[in-house]
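Chemist: from the sequence below, what's the structure:
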Amino acid sequence: MPLRSTLVLTKLALRLSKALGRGAGTALPGLLSERLQPDLLERLGAELANGVILVTGTNGKTTTTKLLAEMLTAAGERVLTNRAGSNLRRGLLSTLIQSASLGGKIDATIGLFEVDEASLRRVSRELRPRAILVLNLFRDQLDRYGELDTLAALIGEGIAQSDARVFLNADDPLVANLSTYASDPTAVVYFGVESVPGAIALQTAVDSDRCPRCASKLSFSRVFYGHIGHYTCPQGDFSRPQPQVAVMRVEAAPSGEQSFTLRVEGAGSEVTLPLPGTYNLYNAVAALAVAHGLGLDRAESEAVLSRTSAAFGRVEHIDIQGRSIYLLLIKNPAGFTQVIETFLARTTTPKILFAINDNYADGRDISWLWDVPIEGITARNPTCIVAGSRADDMALRLHYADIPARVVNDLPDAVSALVSATAEGETAFILPTYTAMLAVRKYLAARTQLQEVW
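Modeler: Predicted coordinates:
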């Protein structure tokens, strides 16, 4: 089918999807184009004069992509990105289709896309990225991804079939080992964190504590969360690479804002990050590493970081009826644990809504809830409400942690119950899985100044 005809039909599908309330058009146009013109992703991607950057990994893709997009925009690039977070191949296609003219031209200079880990190998082959960033690897949606070794191999295939410059988290053993797949391993840029003082470290399942070369148990001299830290193989087969871009010193304000010393190739500077949590330090240093590798002005990129805000659903702050609500996406044990450590472990009387769905985009297997140290919520009288298609499972997990919970089956009713249980001027937290987060945002957007993401 001619390119123009394909774009007319897919753009029509996008408009109909929105008009009928069947979604935001973040997947349907891409799904349709796969049938009409299988090479459309490659053809449209070639229109981006300054190439494509791909961001993948289990946690932090949306936030890191947002940070890097702002840095690239400040550098004068016209950035095309899938900011709604639809990161399967069809989601990237839909983003490109929406931005393309009927003649197939795109008014952007560079593409920056977060990519589902299992989709990277196909997307990489078609888009031929100039850079690939891998953040971390944790157990996530086992029904889709399988075990981490398998997932790392899939990402490795995506790296191997491109000439991209590769940016890797030095503090994640499986990710650091992906350098072996790079076309030029000596050009790999590593990023990492040297120390995080004063962190609350909850005990949780460790997903990857074996040497990726010989399978010996790694020796950790420092652990920040999960298996993220400083490590070495006792057999001498593998050790943490020295990061070229690193966080050296961290100070956290009561507001959650963090300041740190950034070391880039030995040169230090002071940086401010408005986002709380160790995991956001990694998102920030990852974005700065890519900015450095692309030759962006360092001071300008650091200034962008200092005035950033959270990506939708990720530490997003919403004011409703005089209450301060934080929307904190959860989707696997590592991310959930970081939310508990950062927000709930220090709160004396937390008001919390857990919204747990098991739709395809969430992962159908929710057994991961039992690997989360819910006991880290140590407050004597927390107010806990649970909702979503797997509300009963979340309530049962809370029961075994000796935390009482109220089940409210209707999600809007659950949000209303949380607001009612929170006094004016107080803070409450909503912890949803992905599809529940989208539903919560849609409900809140109709009642506040919150903007939709599409």
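Chemist: torsion angles phi and psi at the closest residue to Asn177 other than its chain neighbours?
Modeler: Excluding the flanking residues, the one nearest Asn177 by CB to CB, 6 or more residues apart in numbering is Pro212, at 3.9 Å. To be clear about C-beta, it is placed using only N, CA and C from the backbone, and glycine gets the same treatment. Backbone torsions for Pro212, taken as degrees, to the nearest 10, come to phi -70, psi -10.
Chemist: which SS class is Ala414?
Modeler: helix (DSSP: H, G, I helix; E, B strand; the rest coil).
Chemist: dump the residue contacts of it.
Modeler: Contact analysis of Ala414 by CB atoms under 8 Å, 6 or more residues apart in numbering lists Leu353, Ala355, Ile385, Val386, Ala387, Val408.
Chemist: the fifth one: what's it in contact with?
Modeler: For Ala387, the contacting residues are Leu353, Phe354, Ala355, Ile356, Val407, Val408, Asn409, Asp410, Leu411, Asp413, Ala414, Ala436, by CB under 8 Å, 6+ apart.
Chemist: at 7 Å instead, please
Modeler: Leu353, Ala355, Val408, Asn409, Leu411, Ala414 (CB atoms under 7 Å, 6 or more residues apart in numbering).
Chemist: what about these, which one has the most neighbours?
Modeler: Leu353 (30 neighbours; other CB atoms under 10 Å).
Chemist: the helix or strand encompassing it: what's the following helix or strand?
Modeler: If you go by DSSP states H and E, Leu353 is part of strand 351-355. Remark: after strand 351-355, the chain's next helix or strand is strand 383-387, criterion DSSP H and E.
Chemist: for that following strand, give the mean pLDDT please.
Modeler: The pLDDT scores in strand 383-387 average 97.
Chemist: with only the CA atoms kept, save whichever helix or strand comes after it in CSV.
Modeler: Proceeding N to C from strand 383-387, the next assigned helix or strand is helix 391-400, under DSSP H and E. In CSV, the C-alpha atoms belonging to helix 391-400 read as follows (Å, rounded to 0.1, in the frame of the first residue of the first chain):
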residue,chain,number,x,y,z
ALA,A,391,-7.8,-5.7,45.5
ASP,A,392,-8.5,-8.8,47.6
ASP,A,393,-4.9,-10.0,46.9
MET,A,394,-3.5,-6.7,48.1
ALA,A,395,-5.7,-6.8,51.2
LEU,A,396,-4.5,-10.3,52.0
ARG,A,397,-0.8,-9.2,51.7
LEU,A,398,-1.5,-6.3,54.0
HIS,A,399,-3.3,-8.7,56.4
TYR,A,400,-0.2,-10.9,56.7
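Chemist: so for helix 391-400, mean pLDDT?
Modeler: The model assigns helix 391-400 a mean pLDDT of 97.
Chemist: and the closest residue to Glu265 other than its chain neighbours, how close does it get to Leu168?
Modeler: The shortest distance from Glu265 to any non-neighbouring residue, by CB to CB, 6+ apart, is to Gln244 (5.7 Å). Applying CB to CB, to the nearest Å, the value for Gln244 to Leu168 is 11 Å.
Chemist: mutual contacts of those two, please.
Modeler: Tyr190.
Chemist: look at the two and report which has more neighbours.
Modeler: Neighbour count, other CB under 10 Å: between Gln244 and Leu168, Leu168 has more, with 29 against 19.
Chemist: secondary structure class for the more buried one?
Modeler: strand.
Chemist: separation between it and Ser5?
Modeler: 42 Å.
Chemist: tell me where the model's unsure across the stretch 251-400 of the chain.
Modeler: Regions of the stretch 251-400 of the chain meeting the criterion pLDDT under 70 are absent.
Chemist: so where's the stretch 101-250 of the chain uncertain?
Modeler: 141-146, 198-205.
Chemist: shouldn't Val271 be within a helix?
Modeler: No. Secondary structure of Val271 (three-state DSSP): strand, not part of a helix.
Chemist: does it touch Glu257 like I think?
Modeler: No. In this structure, Val271 is not within contact of Glu257 by CB atoms under 7 Å, at 11.3 Å.
Chemist: ok, those two, which is more surrounded?
Modeler: Val271 (20 against 14).
Chemist: quick revisit: any chance of the contacts of Ala414 in CSV, plus distance to Leu262?
Modeler: Output for those, formatted as CSV (distance: CB to CB, whole Å):
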residue, distance to Leu262
Leu353, 36
Ala355, 36
Ile385, 40
Val386, 40
Ala387, 40
Val408, 44
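Chemist: list just the nearest of these to Tyr400.
Modeler: Val386 (13.6 Å; CB to CB).
Chemist: give the contact list for that closest one.
Modeler: Phe354, Met394, Ala395, Ala405, Val407.
Chemist: mind listing what Asn136 touches?
Modeler: Gly57, Thr58, Asn59, Gly60, Asn169, Asp172, Val175, Ile228.
Chemist: sorry, back to before: the contacts of Val386, buried ones only, as a ChimeraX selection?
Modeler: Buried members of the contacts of Val386, defined by 16 or more other CB atoms under 10 Å, are picked up in ChimeraX with:
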select :354,394,395,405
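Chemist: would a markdown table of the contacts of Val386 with distance to Ile53 be doable?
Modeler: Formatted as a markdown table, those follow (distance: CB to CB, whole Å):
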| residue | distance to Ile53 |
| --- | --- |
| Phe354 | 34 |
| Met394 | 36 |
| Ala395 | 42 |
| Ala405 | 42 |
| Val407 | 43 |
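Chemist: secondary structure element for Arg68?
Modeler: Careful, residue 68 is Leu and not Arg. helix 61-74.
Chemist: please save the CA atoms from that helix in PDB.
Modeler: This file holds the C-alpha atoms of helix 61-74, laid out as PDB (Å, rounded to 0.1, in the frame of the first residue of the first chain):
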ATOM      1  CA  LYS A  61      12.200   4.600  31.600                       C
ATOM      2  CA  THR A  62       9.500   7.300  31.600                       C
ATOM      3  CA  THR A  63      11.200   9.600  34.100                       C
ATOM      4  CA  THR A  64      14.700   9.300  32.400                       C
ATOM      5  CA  THR A  65      13.200   9.800  29.000                       C
ATOM      6  CA  LYS A  66      11.500  12.900  30.200                       C
ATOM      7  CA  LEU A  67      14.700  14.300  31.700                       C
ATOM      8  CA  LEU A  68      16.700  13.600  28.600                       C
ATOM      9  CA  ALA A  69      14.000  15.100  26.400                       C
ATOM     10  CA  GLU A  70      14.200  18.400  28.300                       C
ATOM     11  CA  MET A  71      18.000  18.400  28.000                       C
ATOM     12  CA  LEU A  72      17.800  17.800  24.300                       C
ATOM     13  CA  THR A  73      15.100  20.500  23.800                       C
ATOM     14  CA  ALA A  74      17.300  23.000  25.700                       C
END
